[in-house]
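1. From the sequence below, what's the structure:
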Amino acid sequence: MSPCAHTLDAGRGAESDGFLPRLRALAETFARELPVRRVAVVGNQPLDPSPERAHTIDTADLVFRVNGFRADDPGEPTVGHRTDVVVFNRGVRPTPWLFEAYTQRLYLLIEPGRMHWEPEQYPHFWPRDLGFITVSNRDVILPLNAAMGLDALRDGLWATTGMTMIWIARTLFPEAVCDVTGMSFVDEPDQRSWSHAYDTDCPVGPEHRLALEAALVRTWIDEKSVRFHR
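-> As a prediction, this is how the structure comes out:
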């Protein structure tokens, strides 16, 4: 039995079928309060403890986390504990928090590589009763990469999962305050490997261009549509 996946398109230019409004409606069912006035988007950069940052995350109406994330243990306030939406790719590495209370979360799979070479394989450790939504390449991946000046179809270059998570949160809830943290590429666009708050370091994939991601996020910070927390 395979995990239940809802696949909407192959991401090769067909007209939109209303993916984003339907995804927003689904995400709202996982929100702490409605309407969603503030979202927290949390990456996996190692950060110093901060009760203020942890409180900002845990009191958001909707909390997004990425891949094999780390959440706070009791007495160690750093990035909070609440998790409502998990954005992940097929190479996700499990952590003790990834499947915690998974029936109370929304899991979103991004798969830009399916436009080129990536096979349709699911992690062997995925719970058999946990479904997920496959994010539309057409409605999310291609517009984001166009905003960064990349052509995912032509060149096989695309945004990181963390950057895609920020884009999803802002696109679904453009009227909400967006608190972003744990994204090391904003301050370190030249890095060649990722440091992880829980797992070992890993190389930055050759399909990513962190400098372009950093430039776009800084634009959002300057426009005050994103509040960045270090």
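2. Quick check, central residue of the protein?
-> Met165 (2.7 Å; Cα atoms, centre = their mean).
3. Would you mind identifying the next helix or strand past the helix or strand bottoming out on mean pLDDT in the chain?
-> Here the helix or strand of the chain ranked lowest by mean pLDDT, DSSP states H and E is strand 5-6, holding a mean of 48. Per DSSP states H and E, the first helix or strand lying C-terminal to strand 5-6 is helix 19-28.
4. Show me what whichever helix or strand comes after that following helix pairs with in its sheet, parallel or antiparallel.
-> Using DSSP H and E, the helix or strand that directly follows helix 19-28 along the chain is strand 38-42. Strand 38-42 has its sheet partners listed here by DSSP bridges as strand 62-66 (parallel), strand 177-181 (parallel).
5. Out of those strands, indicate the one that is most buried.
-> strand 62-66 (a mean of 27; mean count of other Cβ atoms under 10 Å). For the C-beta atoms, the positions are set from N, CA and C on the backbone; glycine is no exception.
6. List of residues touching that strand?
-> Strand 62-66 is touched from outside by 27-28, 30-32, 36, 38-44, 57, 71, 80, 82-88, 161-162, 165, 168-169, 173, 176, with contacts defined as Cβ atoms under 8 Å, 6 or more residues apart in numbering.
7. which among these end up buried?
-> Neighbour-count burial (16 or more other Cβ atoms under 10 Å) applied to the contacts of strand 62-66 gives 27-28, 31, 36, 38-44, 57, 71, 80, 82-88, 161-162, 165, 168-169, 173, 176.
8. picking that back up, would the residue nearest to the centre of the chain count as being in a helix?
-> Yes - under DSSP: H, G, I helix; E, B strand; the rest coil, Met165 falls within a helix.
9. what pLDDT does it get?
-> The score at Met165 is 98. That number is its pLDDT.
10. What residues does the closest residue to Asp48 other than its chain neighbours make contact with?
-> Nearest residue to Asp48, sequence neighbours excluded (Cβ to Cβ, 6 or more residues apart in numbering): Thr78, at 7.3 Å. With contacts defined as Cβ under 8 Å, 6+ apart, Thr78 is in contact with 47-50, 53-54, 72.
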